[in-house]
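S.K.: Take this sequence and fold it.
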Amino acid sequence: MFQATLPPVLRGHVKFVRMDGDSAAPIAVLFADSPAWLSRARQQQQQLLSSIRAEISPSCAGLRLRVAIPVPGPVTRQRPPKKRSLSVQATQQIRAASNSVNDPALAEALCRLAAVASR
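M.R.: The predicted model follows:
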């Protein structure tokens, strides 16, 4: 509703956030998309204040204009992670360890690890 009363150039770039202060003389807090849009909003501060008084709060005493801090999106990797490999000596050590342990489950796990490492 407030967006429709904004000057056309500011629509979609300036957003009403909240009212701050006491109820007798609240201050409207508006966020702009960037410092450039913040500057444009400051140039049209009287029009913005008139819009807020007409649509939101007739007792609005002033404006506080801020730049909205963008929320970063999820980080995506550009390339797949580098495959790690074991050296030939490490693979031989793992095979030797699998032959010398008494636990059959551990011996089998070490054999699988050595097989993967030798690929």
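S.K.: Secondary structure element holding residue 66?
M.R.: Residue 66 is located in strand 62-67, with elements delineated by DSSP states H and E.
S.K.: in that strand, what counts as buried?
M.R.: Buried residues in strand 62-67, counted by 16 or more other Cβ atoms under 10 Å: 63, 65. Where you see a C-beta, it was placed from the backbone N, CA and C, and this is true even at glycine.
S.K.: Quick check, pLDDT for residue 87.
M.R.: Listed pLDDT for residue 87 reads 85.
S.K.: What segments of the chain are strands?
M.R.: Taking DSSP state E as the criterion, the chain contains strands spanning 14-20, 27-32, 62-67.
S.K.: right, so of those, which gets closest to residue 42?
M.R.: Of all the strands of the chain, the one in closest proximity to residue 42, counting by Cβ to Cβ, is strand 62-67 (6.0 Å).
S.K.: and that closest one, what does it pack onto?
M.R.: The elements that strand 62-67 packs onto, with contact taken as 3 or more Cβ pairs under 8 Å, 6 or more residues apart in numbering; DSSP states H and E, are strand 27-32, helix 35-43, helix 45-55.
S.K.: Could you export stretch 69-84 as PDB, CA atoms only?
M.R.: Extracted in PDB, the C-alpha atoms of stretch 69-84 (Å, rounded to 0.1, in the frame of the first residue of the first chain):
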ATOM      1  CA  ILE A  69      22.400  -4.600   4.100                       C
ATOM      2  CA  PRO A  70      22.000  -7.500   1.700                       C
ATOM      3  CA  VAL A  71      21.800 -11.000   3.100                       C
ATOM      4  CA  PRO A  72      24.400 -13.200   1.500                       C
ATOM      5  CA  GLY A  73      23.000 -16.300  -0.200                       C
ATOM      6  CA  PRO A  74      24.300 -19.800   0.200                       C
ATOM      7  CA  VAL A  75      27.900 -20.400  -0.800                       C
ATOM      8  CA  THR A  76      28.200 -22.600  -3.900                       C
ATOM      9  CA  ARG A  77      31.400 -24.200  -5.000                       C
ATOM     10  CA  GLN A  78      32.600 -23.300  -8.500                       C
ATOM     11  CA  ARG A  79      34.600 -26.500  -8.900                       C
ATOM     12  CA  PRO A  80      34.500 -29.900  -7.400                       C
ATOM     13  CA  PRO A  81      36.800 -30.600  -4.500                       C
ATOM     14  CA  LYS A  82      40.200 -32.000  -5.400                       C
ATOM     15  CA  LYS A  83      40.500 -35.700  -5.000                       C
ATOM     16  CA  ARG A  84      42.900 -36.800  -2.300                       C
END
